[in-house]
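*Asks:* Mind looking at a prediction? Sequence and model below.
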Amino acid sequence: MVLAASWLVACNPLPVPSAPIETSAPRSRVVGYYSSWSIYERDRPVADIPADKLTHLNYAFANVVSGGCALGDPWADVQKPFPGDPANAPFKGNFRQLQLLKTAHPHLRTLISVGGSTFSGGFSDAALTAASRQRFARSCADFVQRYGFDGIDIDWEYPMGGGNAPGRPEDRVNATLLLRALRSELDARAAASGRRYLLSAATPAAAWSLDHYQIAEVAKVVDHLNVMAYDFHGHWDQRTGFNAALRPAPGDPTPAFTGAAAVDLYLSRGVPARLLTFGIPFYGRGWSGVGPTNGGLFQPAKGTVMGTSEPGMWDYSDLVSTRIPVMTRSWSSAAQVPFLYDARTGVFITYDDPTSVRAKAAYAASRGLGGVAIWELGADDDRHSLLAAATATR
């Protein structure tokens, strides 16, 4: 979807109810990302989020504009009126709905996620100098206090480039310095307000992109890391593969592109297991023009096909209603994920379902990880089947 123009946040934070200081991390985190655009075609409002199953709710996304944190979609974020909103509320939209959700679920911690694939273009400049880092940190802390969040989640895709935004070679070091500036500013606000503010980061799973971080140093600064153990394969590839395999399957030409390999990579670089929150996708990816060998798996593809709202990508809810009933489902016992194939149309889809989500949550627990992170809640079905599976053993 096309997002509205971003607004810079005023520097004078509005008063919001205080939250108690967290004295220890939860035994097992369940981090759910919720996107601003979920209120549109999906019609999945904040009020429908099963917050009792979450420990942290990350709102995606704030933008980086002129070196500071800015609203990503002003209408969705703070303008859209919902039933019961008072006319004189300092802000409405999803942000007020998040405040109401926290009132109903006092255990819940909300973080504003900054960046993402669309809004990462301003990070390199913001991180470039000590002055720019301080300005960014103050702006984001103001944003958190103004809108009542409990912390900040940085989703820079990616330092040094490699995503949709260009970067600089010095981004690798500057990303660490930016997070340190944020930590320092949030701690200063905590000392003044009597509440602790959280800092997390969404970080990549592949070695080439993790090389863009001083990840052991980053781990010393943040409360946790949300490992994006997905998007290993998609319509950008000329051959089908798994979006989010847990382990490699026989014949996989890219055996290092798995969630388990990502965890091993982080541990080998000195990141404590308890800081890792294992990412689970609530969507699938697919191709067209795929031959029937091996049920379409690891086969050449000629193109893509329209998904839920963009080519080659489907919400799980959409797969349940339109694809799973008419396609052949297979299960990879090695990769611990399902896939779909339609021999008539040549469409192949890689996705996660309740069985694979339970397997990934169990894996995270078995490795002593800090929990699971979900991208994203609005893509689940009406029964919240995937979220239920992710939290079945908590």
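*Replies:* The structure has been received and is ready for your questions.

*Asks:* which of the residues in stretch 179-193 are buried?
*Replies:* Neighbour-count burial for stretch 179-193, with 16 or more other Cβ atoms under 10 Å as criterion, is recorded at 179-183, 185-186, 189. Backbone N, C-alpha and C define where each C-beta goes, glycine included.

*Asks:* distance between the ends of stretch 237-245?
*Replies:* In stretch 237-245, first residue to last residue: 16 Å (Cα to Cα, to the nearest Å).

*Asks:* in it, what's buried?
*Replies:* Buried residues in stretch 237-245, counted by 16+ other Cβ under 10 Å: 240-245.

*Asks:* which residues sit in contact with residue 176?
*Replies:* Contact analysis of residue 176 by Cβ atoms under 8 Å, 6 or more residues apart in numbering lists 213-214, 217-218, 221.

*Asks:* my guess is residue 60 meets residue 376, correct?
*Replies:* Yes - judged on Cβ atoms under 8 Å, residue 60 makes contact with residue 376 at a distance of 7.0 Å.

*Asks:* Among the two, which residue is more densely surrounded?
*Replies:* Higher neighbour count among residue 60 and residue 376: residue 60, with 25 against 20, using other Cβ atoms under 10 Å.

*Asks:* Name the next helix or strand downstream of the helix or strand containing that one, please.
*Replies:* In the assignment (DSSP states H and E), residue 60 maps to strand 56-65. Remark: after strand 56-65, the chain's next helix or strand is strand 68-70, criterion DSSP H and E.

*Asks:* packing partners for that following strand?
*Replies:* strand 56-65, helix 130-147 (3 or more Cβ pairs under 8 Å, 6 or more residues apart in numbering; DSSP states H and E).

*Asks:* Neighbour-wise, give me the winner out of the contacts of residue 176.
*Replies:* Using other Cβ under 10 Å as the neighbour test, the contacts of residue 176 are led by residue 213, with 25 neighbours.

*Asks:* Enumerate the positions of stretch 89-102 that are buried.
*Replies:* For stretch 89-102, the neighbour count (16+ other Cβ under 10 Å) marks 91-99, 101-102 as buried.

*Asks:* before we move on, what about stretch 205-220?
*Replies:* By neighbour count with 16+ other Cβ under 10 Å, stretch 205-220 contains the buried residues 205-206, 209-215, 218-219.

*Asks:* Could you do stretch 363-382 as well?
*Replies:* Applying 16+ other Cβ under 10 Å to stretch 363-382 flags 363-364, 369-381 as buried.

*Asks:* returning to that earlier point: hey, what's in contact with both of residue 60 and residue 376?
*Replies:* Common neighbours of residue 60 and residue 376, using Cβ under 8 Å, 6+ apart, are 33-35.

*Asks:* Using JSON lines, please lay out these together with distance to residue 128 and pLDDT.
*Replies:* Supplementary listing: these in JSON lines, determined by distance: Cβ to Cβ, whole Å; pLDDT from 0 to 100:
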{"residue": "33", "distance to residue 128": "28", "pLDDT": "99"}
{"residue": "34", "distance to residue 128": "31", "pLDDT": "98"}
{"residue": "35", "distance to residue 128": "29", "pLDDT": "98"}
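
*Asks:* I'd like to know which of the residues you listed is nearest to residue 111.
*Replies:* Comparing the shared contacts of residue 60 and residue 376 against residue 111 with Cβ to Cβ places residue 33 closest, at 9.5 Å.

*Asks:* give the contact list for the nearest residue to residue 61 once chain neighbours are set aside.
*Replies:* Nearest residue to residue 61, sequence neighbours excluded (Cβ to Cβ, 6 or more residues apart in numbering): residue 116, at 4.2 Å. By Cβ under 8 Å, 6+ apart, residue 116 lies in contact with 60-61, 155, 157.

*Asks:* Show the average pLDDT along stretch 222-238.
*Replies:* Per-residue pLDDT over stretch 222-238 has a mean of 98.

*Asks:* Sort out which residues of it are buried, please.
*Replies:* Buried residues in stretch 222-238, counted by 16+ other Cβ under 10 Å: 222-235.

*Asks:* can you give me the end-to-end distance of it?
*Replies:* 37 Å.
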